[in-house]
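Participant: The following block contains a protein sequence and its predicted model.
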Amino acid sequence: MKFINYLQSITGVSIYPLASLCIFTVFFVLAALWAFKADKGMIDHIRNIPLDDC
């Protein structure tokens, strides 16, 4: 029996792709908003972390 047959037997399985797409979209939009509204000094500090001699 193929894997797709197991998925078809689960009631309401079609909601999972839609839910995961919505969660990803919300996360991406929030991350983009944070990136555009973040303090530029903090962004410069984070950008230079790999170059610091700690």
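Facilitator: Perfect, thanks for sending it.

Participant: and the next element down the chain from the longest helix anywhere in the chain?
Facilitator: With secondary structure taken from DSSP state H, the chain has its longest helix at helix 15-37. Sequence order places helix 40-48 as the next helix or strand after helix 15-37, per DSSP states H and E.

Participant: report the angle between the axes of that following helix and helix 15-37?
Facilitator: If you take axes from the mean of the first three to the mean of the last three Cα atoms, to 10 degrees, helix 40-48 sits at 110 degrees to helix 15-37.

Participant: can you give me the mean pLDDT across helix 40-48?
Facilitator: Model confidence over helix 40-48, given as mean pLDDT, is 90.

Participant: rewinding a little: please save the CA atoms from the longest helix of the chain in PDB.
Facilitator: The C-alpha trace of helix 15-37 is given here as PDB (Å, rounded to 0.1, in the frame of the first residue of the first chain):
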ATOM      1  CA  ILE A  15      -6.400  21.200   6.200                       C
ATOM      2  CA  TYR A  16      -2.700  20.500   7.000                       C
ATOM      3  CA  PRO A  17      -1.200  21.900   3.800                       C
ATOM      4  CA  LEU A  18      -3.300  25.100   4.100                       C
ATOM      5  CA  ALA A  19      -2.500  25.500   7.800                       C
ATOM      6  CA  SER A  20       1.200  25.100   7.200                       C
ATOM      7  CA  LEU A  21       1.100  27.600   4.400                       C
ATOM      8  CA  CYS A  22      -0.700  30.100   6.600                       C
ATOM      9  CA  ILE A  23       1.800  29.600   9.400                       C
ATOM     10  CA  PHE A  24       4.800  30.000   7.100                       C
ATOM     11  CA  THR A  25       3.300  33.200   5.500                       C
ATOM     12  CA  VAL A  26       2.600  34.800   8.900                       C
ATOM     13  CA  PHE A  27       6.100  34.000  10.100                       C
ATOM     14  CA  PHE A  28       7.700  35.300   6.900                       C
ATOM     15  CA  VAL A  29       5.700  38.600   7.000                       C
ATOM     16  CA  LEU A  30       6.500  39.100  10.700                       C
ATOM     17  CA  ALA A  31      10.200  38.400  10.100                       C
ATOM     18  CA  ALA A  32      10.200  40.900   7.100                       C
ATOM     19  CA  LEU A  33       8.500  43.600   9.200                       C
ATOM     20  CA  TRP A  34      11.000  43.100  12.000                       C
ATOM     21  CA  ALA A  35      13.900  43.400   9.600                       C
ATOM     22  CA  PHE A  36      12.600  46.700   8.100                       C
ATOM     23  CA  LYS A  37      11.700  48.200  11.500                       C
END
